[in-house]
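Trainee: how would this look folded up:
(one chain, ligands or ions: 1)
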Amino acid sequence: MKIEHALEKENHFELALSGSIDEDAEFNAIPKIQKNLLVVDFSQVTMINSCGIRDWVNWTKTLDSNVQVHIKKCPKFIIDKINILKGFLPAKSLVLSFYTPYYCENCDSEKQYLFERGVHFQEQTADKAAFVDYDLEVLCDQCKTAMSMDVITEKYFNFLGVK
Ligand SMILES: [Zn+2]
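Mentor: Predicted coordinates for the structure are as follows:
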């Protein structure tokens, strides 16, 4: 794992990780988060294994209790972990954006489409139901045919509380 950047911004701390999050991940190399909001960019992470998950979870437990964690640009394998492991994200975390795989039945192409909170999805809250834009038209880059969502929707969007 590499720390692409760890930047103190005006209102939040921005962290971008890359590569494999495994037994060699050095979360202790990340400076102490002094802001109440931490935004983690997972777009360049290529895999995470069980050691990496353990180290990530342990690291999030070292954050001050008033630090809210927002994660963005999550590849599918990160969303899969969030769906399977309740403790992958600390309480009150938010997923800002994540990739949904699409498949072209016409030419076999695949594409990862970025779903953004408030545009393509919204998690369930006390007064609002969750939603996901299942009817979004994603066109194939190769042949311009409308692509199909390539996930088991009940499983993949489970973390949003979609009924
Ligand atoms: Zn195609």
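Trainee: Mind listing what's buried along stretch 67-78?
Mentor: Neighbour counts using 16 or more other C-beta atoms under 10 Å place 67-75, 78 of stretch 67-78 among the buried residues. (C-beta placed from N, C-alpha, C; glycine too.)
Trainee: got it, and stretch 55-64?
Mentor: By neighbour count, and taking 16+ other C-beta under 10 Å as the criterion, the buried residues in stretch 55-64 are 55-56, 60.
Trainee: give me the subset of these touching the ion.
Mentor: The subset of these lying close to the ion, counting by C-beta under 5 Å from the ion, is empty.
Trainee: helices or strands up against the longest helix along the chain?
Mentor: In the chain, taking DSSP state H as the definition, the longest helix is helix 50-61. For helix 50-61, the contact count by 3 or more C-beta pairs under 8 Å, 6 or more residues apart in numbering; DSSP states H and E identifies strand 13-21 as packing neighbours.
Trainee: Kindly report the residues of this structure close to the ion.
Mentor: Looking at the ion, the residues of the chain close enough under C-beta under 5 Å from the ion are 104, 106-107, 109, 140, 142-143, 145.
Trainee: show me where pLDDT drops low in the chain?
Mentor: Counting by pLDDT under 70, the ranges of the chain that qualify are 163.
Trainee: domain assignment for it?
Mentor: Residue ranges for the domains of the chain, per automatic domain parsing: 1-95, 101-111+121-163.
Trainee: So which of the ones you listed is the most surrounded?
Mentor: domain 1-95 (a mean of 16; mean count of other C-beta atoms under 10 Å).
Trainee: Surely D41 is within a strand?
Mentor: Yes. Residue assignment for D41, taken from DSSP: H, G, I helix; E, B strand; the rest coil, places it within a strand.
Trainee: if I look at it, how far off is the ion?
Mentor: Summarising the geometry, the distance separating D41 from the ion, computed by C-beta to the ion, to the nearest Å, is 29 Å.
Trainee: For the residue sitting nearest the centre point of the chain, name its beta-bridge partners.
Mentor: Centroid check for the chain by C-alpha atoms, centre = their mean gives C74 as the closest residue, at 2.8 Å. Beta-bridge pairing of C74, defined through DSSP bridges, involves F98.
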